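>>> coords below, sequence missing:
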């Protein structure tokens, strides 16, 4: 039995559901997605659900299908713990990235998240550029990012590492933790309030599974040791899953991301690189590319030691990547519009022929 207030239900969500869905359907939240099957939390238990044909047919892309964390309208069957998902309620936030591979398509990693824990390991794999990419996606999601630096017991100069990460975090909380020694765990508890949803994001082997174990209080995930040969963790989590913690918070664990491909993140750029954006406002030319133009305030800041050149290079690279995605999305939208009208034309011709017969 799930207490809906404990798993993120709000009066606004409940009101929207009652106003927009017929009686007989039940409200639930997607806890796990696996090969077009979904485990959904309803008030009377966990149901195994599939999608209605209409929802699948009307979906233009994967973003139109349920994701872990989504609130959904479910038709259940008497005497069975099975159901059919008939609708998805509006998302208050969604952590998205470009789906892996050549297809330009949004992949929603987690929906309706309050806080994103961006987990990085304090070993040789710590990478500021990767953290910048995660922050960009987190700000775009509508959730609040928190950077967790795991395995704090492995480093000698912890303050130097914290300062290094804080230089790209720009006001985002940076918390060093060690599950083995209990370092920093108390600071994380402030985000684990009842009814709040937290998503754990990070590469493989950074310590997400250890955190899940600690928060749940039991061996929910198989924790594997760091390989001594390359100091990188083995991949443990294989699918996204929502877990209800003993204190009432909801944790969404995600598989390690081998690729952190960006999605549309214009607002994320502004938030993540607010320092560079601020200097860019002082450039002599509005269309300054921050290369060799006269009166470039960004390069002036670099020359004066106020900005890290590597950070500016990363900023420009991410902008270029996002511009490429926007162009691909524009072409995709045009193709979908053309296909839409072609289908309508085909249906009209079919109906016309049917009437004549």
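That came in fine, so what should we check first? The structure displayed is predicted, hence computed values, not measured ones. Numbering: from 1, shown residues only.

>>> excluding chain neighbours, what is closest to residue 27?
Leaving aside its sequence neighbours, residue 27 sits nearest to residue 17 (Cβ to Cβ, 6 or more residues apart in numbering; 5.0 Å). C-beta here means a position set from N, CA and C on the backbone, and glycine is covered the same way.

>>> that neighbour contacts residue 73, doesn't it?
Yes - with contact defined as Cβ atoms under 8 Å, residue 17 counts as touching residue 73 (6.7 Å).

>>> distance of residue 167 relative to residue 174?
Distance, residue 167 to residue 174, using Cβ to Cβ, to the nearest Å: 10 Å.

>>> those two: which is more packed in?
A count of neighbours by other Cβ atoms under 10 Å puts residue 174 above the other of residue 167 and residue 174, at 21 against 13.

>>> for that one, give me its contacts.
147, 149, 162, 165, 166 (Cβ atoms under 8 Å, 6 or more residues apart in numbering).

>>> for beta bridges, what are the partners of it?
Judged by DSSP bridges, the bridge partners of residue 174 are residue 147.

>>> what does residue 107 give?
Note on residue 107: beta-bridge partners residue 97, judged by DSSP bridges.

>>> before we move on, the earlier item: need the three-state assignment for the residue nearest to residue 27.
Look at residue 17: counting by DSSP: H, G, I helix; E, B strand; the rest coil, its state is helix.

>>> so where is the stretch 101-250 of the chain shaky, pLDDT-wise?
Applying pLDDT under 70 to the stretch 101-250 of the chain flags residues 101-106, 124-125, 218-239.

>>> and the residue nearest to the spatial centre of the chain, what's its pLDDT?
Central residue of the chain (Cα atoms, centre = their mean): residue 95, 2.3 Å from the mean position. At residue 95, the predicted lDDT confidence score is 82.

>>> tally of neighbours for residue 126?
For residue 126, the neighbour count with other Cβ under 10 Å is 17.

>>> residues in contact with it?
Taking Cβ under 8 Å, 6+ apart, we find residue 126 in contact with 120, 149, 161, 164, 165.

>>> what do you get for residue 179?
For residue 179, the contact set (Cβ under 8 Å, 6+ apart) comprises 150, 185, 207, 210, 211, 213, 214.

>>> for those, which one is nearest residue 30?
Nearest to residue 30, judged by Cβ to Cβ, of the contacts of residue 179 is residue 211 at 21.8 Å.

>>> which SS state does the closest one fall under?
The three-state label given to residue 211 by three-state DSSP is helix.

>>> go on, residue 95?
Assigned with three-state DSSP, residue 95 falls in the strand class.

>>> for the residue nearest to it when sequence neighbours are not counted, give its distance to residue 93.
Spatial nearest neighbour of residue 95, excluding adjacent residues (Cβ to Cβ, 6+ apart): residue 141 at 4.1 Å. Using Cβ to Cβ, residue 141 is found at 5 Å from residue 93.

>>> more neighbours, the two?
Counted by other Cβ under 10 Å, residue 141 and residue 93 do not tie: residue 141 has more neighbours, with 27 against 21.

>>> count of residues packed around residue 187?
Using other Cβ under 10 Å: residue 187 sits among 14 other residues.

>>> please disregard the earlier target; I meant residue 77.
Here the number of neighbours of residue 77 (other Cβ under 10 Å) works out to 10.

>>> go on, residue 149?
Look at residue 149: counted by other Cβ under 10 Å, it has 26 neighbours.

>>> my read: it touches residue 164, true?
No - taking contacts as Cβ under 8 Å, residue 149 lies outside contact range of residue 164: 9.8 Å.

>>> enumerate every residue touching the residue nearest to residue 184 when sequence neighbours are not counted.
Leaving aside its chain neighbours, residue 184 sits nearest to residue 177 (3.6 Å; criterion: Cβ to Cβ, 6+ apart). Contact analysis of residue 177 by Cβ under 8 Å, 6+ apart lists 148, 149, 150, 152, 183, 184, 185, 187, 188, 211.

>>> in strands only, show me the residues you listed.
Residues of these located in strands (DSSP state E): 148, 149, 150.

>>> could you list the domains of the chain?
4-88, 94-253, 273-357 (automatic domain parsing).

>>> JSON lines for the contacts of residue 174, including distance to residue 126?
Below are these laid out as JSON lines (distance: Cβ to Cβ, whole Å):
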{"residue": "147", "distance to residue 126": "11"}
{"residue": "149", "distance to residue 126": "8"}
{"residue": "162", "distance to residue 126": "11"}
{"residue": "165", "distance to residue 126": "8"}
{"residue": "166", "distance to residue 126": "13"}
